[in-house]
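Participant: Predicted model, plus sequence, below.
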Amino acid sequence: SCLICLDYLRDPVTTECGHNFCSSCIHQRWEGLQGTFPCPACLHHCPDRSLKMNTQLCHMTEIVQQITGMGGKRKKQEEPRCKKHHESLALFCGKDLELLCAQCSVSSDHRDHPLMPIEEAAATHRRKLKSYIDSFTEQIKDTENWSEMQISKCFELRQRIEHQKDELHSEVKQLKNFLEKEQNAVLSSLLTETTNVEEKLMEEKNQISNHSSILNSQLGDIINKCLQTDVDLLTVNESIHNRYNLETLAIFSYELKEESCSLPPHYFGLHKMIHTFQVDLTLDPETAHQSLSISRDRKSVTQRTSFGLQNLHVRTFYPAVLSSKGFDAGRHFWQVEVRGTGAWSFGVCKESFPKNTPMRPSPRNGCWQLQFWTNTSDKRDSGNWERIGIFLDYELGEVSFYNLRNRSHLYTFRERFTVKLMPYFCLGPSSKSLVMGIV
């Protein structure tokens, strides 16, 4: 078919670039042009109007017409055509992104624009679209991974919220117990004070009653004396005035003390300390004893094998592990939660603390720790767990330990620190069921 009229070729001619057209169609297209004769299909510049007749293609066209009949012609006529020139849309403008016919391509609207055949343009766009497939596939995978991470974070957030609820419930319970004890103590003090005051008031009442009786007796005696004759009144061995000197009665007075319940001062101090100096710590597997198992998030440690003094080649002689972060200045607070049964200890040690000797950790060799023993169960909902807070004030030279369940102070080491200190965690050899975690 002719690329201009889209009908079967009539007297087909071939241009220098190899495209075929009806002889009348191509000459009509070039009518009025001088010097430059562009091919309507690829815009190749033909040197002149001379075209080669293609006799073989003419015979082939006749055969095709006989085979396909009019059906093929109708099918060809259904191809998209230019609304302006009613010609086949054979070119694509790369700048305006439009399909053009051969006549539109030589117009001033698309002069100097990059033009290419539809097949070539479609292939170029197809390659460009295919180049996006890998990128979009990778983005879809990343999105799915991100979605899984968000779900995991949501689950972790719910666990943390439940954990905080448990802590809040435990803290409120402790405060209630404390306030009940305070209330009972205040009520007991008030009851004792009431009893003492009532006893003193009864004693004062009896004294007033006796004093009143004495006064009434003396008053009656005075009245009788006044009724005597002058001689009888004056014939006494002692002065009558000395017999009736009035004694002032001491009146009992009492001022009630103001009693009230109040939270212990260290409760507010710890609360402020936690929120101001809390640090996020993780365990360093490189410093862990071979009998210890560190969790994937490096937040908890458990005992996994038996420990013996013969294991002198291990990285830490005692079943201990250090934090991946140390401190050589400032104030820092961290919390350790322990569940299970067995012995455990933690605190801080020098970065150069000797780990491969059977020497007992102590302040003398650069390790400040407290040791504990628990026989609690591993059930969180029962409240059988221990949480200890450690506060390091490097400049002041203090390492303090607090029981966070009842907000009480346990102990404070005092030392002059001059080197870097590492948080230290140790599980006893028999603490197979013990789980220690950094909160």
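Facilitator: Looks like it arrived, so ask away.
Participant: before we move on, which element is the residue nearest the centre of the chain in?
Facilitator: Of all residues in the chain, the one closest to the mean position by CA atoms, centre = their mean is Leu157, 7.5 Å from it. Under the criterion of DSSP states H and E, Leu157 resides in helix 118-226.
Participant: do you know how far Glu138 is from Asn145?
Facilitator: Going from Glu138 to Asn145 by CB to CB, to the nearest Å gives 11 Å. In short, each C-beta sits where N, CA and C put it, glycine included.
Participant: quick one on the thing from earlier: tell me the mean pLDDT over the helix holding Leu157?
Facilitator: Averaging pLDDT along helix 118-226 yields 86.
Participant: after it comes which helix or strand?
Facilitator: Following helix 118-226 in sequence, per DSSP H and E, is helix 230-234.
Participant: which regions of the chain sit below the pLDDT cut-off?
Facilitator: 68-78, 236-268, 305-317, 355-357, 375-385, 429-434 (pLDDT under 70).
Participant: wait, what's in contact with the residue sitting furthest away from the middle of the chain?
Facilitator: Ranked by distance from the centre of the chain (CA atoms, centre = their mean), the top residue is Val231, with 109.7 Å. Contact analysis of Val231 by CB atoms under 8 Å, 6 or more residues apart in numbering lists nothing.
Participant: in stretch 398-405, what's buried?
Facilitator: Residues of stretch 398-405 classed as buried: Glu398, Val399, Ser400, Phe401, Tyr402, Leu404, Arg405 (neighbour count, 16 or more other CB atoms under 10 Å).
Participant: Nearest to Pro80 among these?
Facilitator: Closest approach between the buried residues of stretch 398-405 and Pro80, by CB to CB: Leu404, at 78.5 Å.
Participant: tell me the domain ranges of the protein?
Facilitator: As recorded under automatic domain parsing, the domains making up the chain are 12-121, 122-243, 268-438.
Participant: so what's the backbone phi/psi at the residue nearest to Met359 when sequence neighbours are not counted?
Facilitator: Counting by CB to CB, 6 or more residues apart in numbering, Met359 lies nearest to Asn365, which is 5.7 Å off, once chain neighbours are set aside. In terms of degrees, to the nearest 10, the main-chain angles of Asn365 are phi -100, psi 20.
Participant: Asn365 and Gln371, how far apart?
Facilitator: In terms of CB to CB, Asn365 sits 15 Å off from Gln371.
Participant: Next, count neighbours for the closest residue to Trp373 other than its chain neighbours.
Facilitator: Closest residue to Trp373 in three dimensions, ignoring its sequence neighbours and counting by CB to CB, 6+ apart: Ala343, at 5.0 Å. Ala343 sits with 15 neighbouring residues when counted by other CB atoms under 10 Å.
Participant: any idea whether Ala343 is helix, strand or coil?
Facilitator: strand (DSSP: H, G, I helix; E, B strand; the rest coil).
Participant: re earlier: Gln164 versus the residue nearest to the centre of the chain, what's the distance?
Facilitator: Using CB to CB, Leu157 is found at 10 Å from Gln164.
Participant: With adjacent residues omitted, what lies nearest to Phe353?
Facilitator: In space, Phe353 is closest to Gly366, 4.9 Å off (CB to CB, 6+ apart).
Participant: which residues sit in contact with that neighbour?
Facilitator: If you count contacts by CB under 8 Å, 6+ apart, then Gly366 has Cys349, Lys350, Ser352, Phe353 around it.
Participant: how about a cut-off of 6 Å?
Facilitator: Contacts here follow CB atoms under 6 Å, 6 or more residues apart in numbering; on that basis Gly366 touches Cys349, Lys350, Phe353.
Participant: how about JSON lines for those residues, with secondary structure added?
Facilitator: Shown next, in JSON lines, are the contacts of Gly366 (three-state DSSP):
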{"residue": "Cys349", "secondary structure": "strand"}
{"residue": "Lys350", "secondary structure": "strand"}
{"residue": "Phe353", "secondary structure": "coil"}
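Participant: which of the residues you listed has the most neighbours?
Facilitator: That'd be Cys349 among the contacts of Gly366, by other CB under 10 Å, with 24 neighbours.
Participant: Does the helix or strand harbouring Glu337 pack against any helices or strands, and if so which?
Facilitator: Taking DSSP H and E as the criterion, Glu337 maps to strand 331-339. In terms of contacts (3 or more CB pairs under 6 Å, 6 or more residues apart in numbering; DSSP states H and E), strand 331-339 is packed against helix 265-277, strand 386-393, strand 435-438.
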